[in-house]
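Asker: starting from these lines, generate the structure:
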Amino acid sequence: MICPWAAGGGTDRTGRKLASLAGDYMDTSFYVTNKTGGSGSIGFNAIANAEPDGHTVGVTTVEICTISHLGIADVNPTDLRGVIQYNFDPASITVPRDAPYDTIGEFVDYAKDNPGEIKISNSGIGAIWHLSAAGFAQEAGIDVRHIGYDGGSPATKAVVNGEVEATAASAAEVAPQVKDGGPLKVLGVMGDERVSIFQEVPTLKEKGYDFTMGAWRGLTVPKDTPEERITELHDAYKSVYDSNEFQEFMNQNGFGLVYRDTEEFESFMDSEYDRFGEIIEGLDLGNK
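Answerer: Have a look, this model is predicted:
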């Protein structure tokens, strides 16, 4: 199993959990290799260029749909075959608890009345939380400023410290600053459903904004892998996904559980690739 991100992060941790349980459902065991760099492109290329015999799978993240549009690398979903999607963590709009708006509608109204005043922090320009905030701003027709930080945690601290008016990190990342009367509050999440840790917070769809976006993870293989091997891998990892041990691991660590089978995952990656292309073109970020 190839992981394009560093050891200890969420992608690595979920991948290692999948790998450790896969041996219960296949007559082999998996070991994880971290191949990092290039916003995931080093690892994605390693997955794409591996022998297409079903013995190599890769943990693939949303960046497979953004980096070619950003001019970072040419690798994209057409270089891979989907096996299974197992995770989706929607972005959220999080603001200070004493902000002059308590709903996403009031936030949008304020932004429209004060164009360019609201600064939204993110985990880096061109990264998923930046694209989520920018995509929502496009959908809502508001003019905001995007401020990049080196990761989701510094982006959240920037709201606490008053450097910016909002952040677009995942619910899990902002939870420590929101729970138990913390200094922040979540106005809305960019998922199809409410997140388990903030059941009281509505989705943007519930409030009339037809927009979902966030970080996601799944397993892929080289594009020429035989169908029967893909099916075998899917069935094994679907059994892992359904296991109590994996479900508990994901829930306890705040990772959102979303399942898509091979065909659904490939269609989802294709649609994400097209959608991010439009958003990035609108932001004039990419080289293409």
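Asker: for the closest residue to residue 126 other than its chain neighbours, which three-state class applies?
Answerer: Distances taken as CB to CB, 6 or more residues apart in numbering place residue 70 nearest to residue 126, at 5.1 Å, with adjacent residues excluded. Every C-beta, even on glycine, is put in place using the N, C-alpha and C of the backbone. The three-state label given to residue 70 by DSSP: H, G, I helix; E, B strand; the rest coil is coil.
Asker: touching, residue 70 and residue 280? I think so.
Answerer: Yes: with contact defined as CB atoms under 8 Å, residue 70 reaches residue 280; the gap is 6.3 Å.
Asker: for residue 70, give its distance to residue 214.
Answerer: 18 Å (CB to CB, to the nearest Å).
Asker: between these two, who's got more neighbours?
Answerer: residue 214 (25 against 20; other CB atoms under 10 Å).
Asker: can you pull the phi/psi pair for the residue lying closest to that one once chain neighbours are set aside?
Answerer: Leaving aside its chain neighbours, residue 214 sits nearest to residue 90 (3.8 Å; criterion: CB to CB, 6+ apart). Main-chain dihedrals, residue 90, degrees, to the nearest 10: phi -70, psi 150.
Asker: from residue 192, how far off is residue 90?
Answerer: Taking CB to CB, one finds residue 90 at 8 Å from residue 192.
Asker: what's the answer for residue 266, then?
Answerer: 19 Å.
Asker: and for residue 95?
Answerer: 22 Å.
Asker: so who does residue 14 touch?
Answerer: By CB atoms under 8 Å, 6 or more residues apart in numbering, the contact set of residue 14 is 59, 86-87, 217, 249-250, 255.
Asker: widest-spaced pair of the residues you listed?
Answerer: Farthest-apart pair in the contacts of residue 14 is 59 and 249; separation 14.7 Å (CB to CB).
Asker: ok, those two, which is more surrounded?
Answerer: residue 59 (27 against 17).
Asker: ok, back up a step: quick one: the residue nearest to residue 214 and residue 195 touch, right?
Answerer: Yes: counting by CB under 8 Å, residue 90 touches residue 195, with 6.7 Å between them.
Asker: anything in contact with each of those two?
Answerer: 171, 189, 256.
Asker: excluding its backbone neighbours, what's nearest the first one?
Answerer: The shortest distance from residue 171 to any residue that is not its chain neighbour, by CB to CB, 6+ apart, is 4.6 Å, and that residue is residue 195.
Asker: so which residues of the chain form helices?
Answerer: 10-22, 41-48, 104-113, 128-140, 152-160, 171-178, 227-242, 244-252, 262-283 (DSSP state H).
Asker: residue 46: neighbour count?
Answerer: So residue 46, with other CB under 10 Å, has 18 neighbours.
Asker: now swap in residue 121 and tell me
Answerer: Residue 121: 27 neighbours (other CB under 10 Å).
Asker: surely it and residue 159 touch.
Answerer: Yes: with contacts counted by CB under 8 Å, residue 121 reaches residue 159, the gap being 6.3 Å.
Asker: list the residues that contact both of these two?
Answerer: 166-167.
Asker: neighbour count: residue 95 and residue 192, which is higher?
Answerer: Counted by other CB under 10 Å, residue 95 and residue 192 do not tie: residue 95 has more neighbours, with 23 against 11.
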